[in-house]
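In: all I have is the shape, not the residue letters:
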């Protein structure tokens, strides 16, 4: 991988139980957008989700990050270490290209936003899941009944090497 090798990160290993949640800095995407009506793709309760996921197990670590505030090398290293990457539909999820085999991505969005699912198809070991929640807030019921159990299940799966994962497919 050109970027991974170029930044000297080829030996960075995925950390079992590491969950990274991408938080996006709210921004006005166009001068005609009225920010008083809300910012598109802004989730306001990711702190609550982080806290709930931190209790999945004793070995789970959860980090809420704003990638745009980090140098690219740090972003890439973080993604290489991540076991479960969660974020709202958007460009930040294209980091799935740099994730390790057996890592998984959870995307807040709708069925209409199928781009990340298509990208995951290009990668034999990538797993992509569409999660409930989009603009505004992730419902507490969805956190408790869908997202937390999904993360728990993903983190409980045994990790296998990429060659074994490809042969099993």
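Out: Thanks, I have the structure now. Predicted model, so just to flag it, every value in this text is computed and none were measured.
In: and residue 147, how many neighbours does it have?
Out: Residue 147: 22 surrounding residues under other Cβ atoms under 10 Å. Yep, even glycine has a C-beta here, placed from its N, CA and C like the rest.
In: can you pull the pLDDT of the spatially closest residue to it that is not a sequence neighbour?
Out: Using Cβ to Cβ, 6 or more residues apart in numbering and skipping the chain neighbours, the partner closest in space to residue 147 is residue 131 (5.8 Å). Residue 131 carries a pLDDT score of 87 in this model.
In: quick one, what contacts residue 131?
Out: Counting by Cβ atoms under 8 Å, 6 or more residues apart in numbering, residue 131 makes contact with 86, 106, 107, 108, 109, 138, 142, 146, 147, 150.
In: farthest pair in those?
Out: Largest separation among the contacts of residue 131 by Cβ to Cβ: 109 and 150, giving 14.8 Å.
In: which one's more surrounded, those two?
Out: Counted by other Cβ under 10 Å, residue 109 and residue 150 do not tie: residue 109 has more neighbours, with 22 against 16.
In: against residue 13, how distant is the spatially closest residue to the more buried one that is not a sequence neighbour?
Out: If you skip the residues right next to it in sequence, residue 109 has residue 89 as its closest partner in space, 3.5 Å away by Cβ to Cβ, 6+ apart. Separation of residue 89 from residue 13 (Cβ to Cβ, to the nearest Å) stands at 28 Å.
In: more crowded one of these two?
Out: A count of neighbours by other Cβ under 10 Å puts residue 89 above the other of residue 89 and residue 13, at 21 against 9.
In: quick check, residue 19 in contact with residue 65.
Out: No. Using Cβ atoms under 8 Å, residue 19 is not in contact with residue 65; the gap is 10.9 Å.
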